[in-house]
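**Student:** here are the coordinates; sequence isn't available:
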């Protein structure tokens, strides 16, 4: 019969552990690499490191990139194989939107600098300016759709227009997620909890710049792939 | 004489409580609306259990459907409707089995439950995402099942929506798994010390993160075709041959890698079980881990090469076969590692071990029958539906199911505090093992017969009659095997409530962390002290008197040299 108590459960009688190999005790502070058995020593037990949000956003960006690249691949394949690629006039407002979005990245970074310098007022102003610019961008995209509809270009009209609507809609949806994050960082009270405002702002900024760069890429693709 | 130090005793003694039970909350809020990783894991497992029985029922229906005899069912054989109904049946069977059983059970069922336990974490990185993913999966199951009863048009739309839902759920879970593995490992749990199971969950999660976004993109384009009238897959604007190919290729790039998503966690579970029950370390453990990575990587690259390097050419046989055969190297290494682990061992033939050995057997048979398929000379004529079906089910469906069952018999005591009945388990194993071979090997023969093209002058009716006999044999074997699963079902539910209670925490004398907490594990897993890990997961058969294993969390300073 196996013994019942927990200690007996794993009782070991050991003749010799010499040369067993691998039974290395944790050595304190021998560097921060991954083989360091002390990694995570500084965090309080039970609360996972807040850096997990940064890891998560990095992985999520890879996944989102795969999503858009799969659609881009479809775009390229269809562009090359379709018999007639009927194009349409890209609305001028897209260029204005792009400028707004690029400018919002700039204000976001400046806001983070203000936060690092603990200028909370300046941070708030710039942060909400960024949020406003993001909202303006989405409104501008809607205006672009509107002007296409006025031209009589619908999603069902041609392959090119279908891609235009799907790309812009998918990007705008992802960007709306970013806007939600901007609002969250702007309004949340960070006094309690393990996440600091600086970390939240940092994570949001990664995503925002990524969305920014992705939009520039998509726009160039749509423009040169006409 | 060695005793475990007080520090370790505190870890285990701190929690007299059973399970995450908080008596003030009702069953529903405790088990259903929870973010607890163990409850989420169990939800995934029960979802899989439901789906696997539904899927098996459907496969029986399919056998009845194609049987030549009088066994037709009124509902299906309405004139003009029959082939469409059969296609719907097959779609439902495939989606249930691939999505909700093969993808969900080994990765998310066991993964959600045991990943945090094995790396010494209290929770997943994002508990609310765990709950969100299981609910999305549930919604997707509901949608896919409902789509079967709708007319073809709306049915297809609902199916596509549900598949999209599943993609999102899978992506969320994969993200959660990756971050948990990267950031939540406990003190001392370095990457080389991770158990094989954790490695396989991590690699699968990375792979899912990449490929499910591709399927998501495909689904989004398909849905926009169906709902906003774009023409990505319908053909009016393009050269006619290109577009269906696009969808096919996309789907197969996903499906190719999806095979590895389903089978990689099974590799991990089997490696783990073989080592525990052989009482031997995994042979060449580090190389096995690298092989797992390589399988994941090349599973993904087969896709990538098609898309990028071969560009528009759908047939790039050289690239494709180079990569497909380079996949053989890590797979062969894994097989070598399993056999190396078994070599000279005195395995304990528990039911869990039997199922792992069954996995090995099916995987090897599948590899052999796969030779028929990869031999290009034979390709067009010999590749009949039956041959492919037989091969696929042997190597993926049945093998993975055996790994899942092995894992279930292994971890059931930890999940519920009671053991599954071993005698019933062994009867179930042998019936299923023999039954599965009886179904799928004759299926290969049918396939070969169909393609053999033996002229019918040699006793004109012999070949067709042989084919028919084989078909009847397969149908009979399938019915018997499905019936044998009732033994498992009975065993499962009986043991859940009346099974033999565990006398110890660690009935299999395993080394990983989950075996040193209460069964079922309490809320928060490890309560008082953070577990510290001092060594790898497979210290078995080290020649100590009295015990043949070293737990991962046993501190070296508590191991004292015997004074004799």
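**Tutor:** Sure thing, it's come through. This structure is a prediction, so every number in the text was calculated from the model and none was measured.
**Student:** what residue ranges in the chain are flagged as low confidence?
**Tutor:** Just so you know, I chose chain A. A:1-46, A:83-84 (pLDDT under 70).
**Student:** My question was about chain B, not that one.
**Tutor:** Within chain B, the segments meeting pLDDT under 70 span B:1-31, B:67-82, B:234-250, B:252, B:302-326, B:371-384, B:451-464, B:527-528, B:542-546, B:559-564.
**Student:** Find the residue closest to residue 163 in space, skipping its chain neighbours.
**Tutor:** Defaulting to chain A. Once flanking residues are discounted, residue A:163 sits nearest to residue A:75: 5.3 Å by C-beta to C-beta, 6 or more residues apart in numbering or on different chains. Bear in mind the C-beta positions are built from the backbone N, C-alpha and C, glycine included.
**Student:** not what I meant, chain B
**Tutor:** For residue B:163, the spatially nearest residue (C-beta to C-beta, 6+ apart) is residue B:219, at 5.6 Å.
**Student:** Might one say that that neighbour is in contact with residue B:162?
**Tutor:** No: contact status for residue B:219 versus residue B:162: not in contact, 9.7 Å apart, counting by C-beta atoms under 8 Å.
**Student:** check contacts around the residue nearest to residue B:163.
**Tutor:** Applying C-beta atoms under 8 Å, 6 or more residues apart in numbering or on different chains to residue B:219 gives the contacts B:160, B:163-164, B:167.
**Student:** Residue B:394 now?
**Tutor:** By C-beta under 8 Å, 6+ apart, the neighbours of residue B:394 are B:362, B:365-366, B:369, B:436, B:440-441.
**Student:** Kindly write the PyMOL command that selects the buried subset of those residues.
**Tutor:** Selecting the buried subset of the contacts of residue B:394 in PyMOL, with 16 or more other C-beta atoms under 10 Å in any protein chain shown as the burial test, is done by:
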select buried, chain B and resi 362+365+366+369+436+440
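**Student:** how about the contacts of residue B:394, which pair is most distant?
**Tutor:** Pairwise distances across the contacts of residue B:394 peak at 13.1 Å for B:369 and B:436 (criterion: C-beta to C-beta).
**Student:** which of the residues in stretch B:47-56 are buried?
**Tutor:** Buried, per 16+ other C-beta under 10 Å, within stretch B:47-56: B:47-49, B:51-56.
**Student:** likewise stretch B:89-109?
**Tutor:** For stretch B:89-109, using 16+ other C-beta under 10 Å, the buried residues are B:89, B:91-93, B:95-109.
**Student:** Filter the contacts of residue B:219 down to just the ones in helices.
**Tutor:** Within those, residues falling in helices by DSSP state H are B:160, B:163-164, B:167.
**Student:** export these to a markdown table and tack on neighbour count?
**Tutor:** Output for the ones in helices among the contacts of residue B:219, formatted as a markdown table (neighbours: other C-beta atoms under 10 Å in any protein chain shown):
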| residue | neighbour count |
| --- | --- |
| B:160 | 20 |
| B:163 | 21 |
| B:164 | 20 |
| B:167 | 26 |
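**Student:** Give the full set of residues in contact with residue B:291.
**Tutor:** B:330-331, B:333-334, B:337.
**Student:** Quick check: closest non-adjacent residue to it.
**Tutor:** residue B:330 (3.7 Å).
**Student:** quick one: the one you found from residue B:267, how far?
**Tutor:** To residue B:267, residue B:330 is 10 Å away according to C-beta to C-beta, to the nearest Å.
**Student:** residue contacts, residue B:438?
**Tutor:** Residue B:438 neighbours (C-beta under 8 Å, 6+ apart): B:473-474, B:477, B:480-481.
**Student:** rerun at 7 Å
**Tutor:** Residues near residue B:438 by C-beta atoms under 7 Å, 6 or more residues apart in numbering or on different chains: residue B:477.
**Student:** element containing it?
**Tutor:** In this assignment (DSSP states H and E), residue B:438 forms part of helix B:422-452.
**Student:** What is the neighbour count of residue B:149?
**Tutor:** 10 (other C-beta atoms under 10 Å in any protein chain shown).
**Student:** What's the separation between it and residue B:220?
**Tutor:** From residue B:149 over to residue B:220 (counting by C-beta to C-beta), the distance is 25 Å.
**Student:** can you check residue B:251 too?
**Tutor:** From residue B:251 across to residue B:220, the span is 14 Å (C-beta to C-beta).
**Student:** More neighbours: the two, which one.
**Tutor:** When neighbours are counted by other C-beta under 10 Å, residue B:251 and residue B:220 differ, and residue B:220 comes out ahead with 20 against 15.
**Student:** Would you mark the buried spots in the helix or strand hosting that one?
**Tutor:** Per DSSP H and E: residue B:220 is located in helix B:196-227. For helix B:196-227, burial by neighbour count (16+ other C-beta under 10 Å) applies to B:196-226.
**Student:** same question, stretch B:333-346
**Tutor:** By neighbour count with 16+ other C-beta under 10 Å, stretch B:333-346 contains the buried residues B:333-338, B:340-342, B:345.
**Student:** Let me have these in TSV, adding distance to chain A as columns.
**Tutor:** Shown next, in TSV, are the buried residues of stretch B:333-346 (distance: C-beta to the nearest C-beta, whole Å):
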residue	distance to chain A
B:333	22
B:334	22
B:335	25
B:336	22
B:337	18
B:338	22
B:340	18
B:341	17
B:342	22
B:345	19
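**Student:** Could you single out the nearest of those residues to residue B:357?
**Tutor:** residue B:342 (8.2 Å).
**Student:** How about the contacts made by the closest residue to the closest one other than its chain neighbours?
**Tutor:** Excluding its sequence neighbours, the residue lying closest to residue B:342 (C-beta to C-beta, 6+ apart) is residue B:278, at 5.7 Å. Residue B:278 sits next to B:341-342, B:345, B:347 when contact means C-beta under 7 Å, 6+ apart.
**Student:** what's the single longest helix in chain A?
**Tutor:** Max-length helix for chain A by DSSP H is helix A:120-151.
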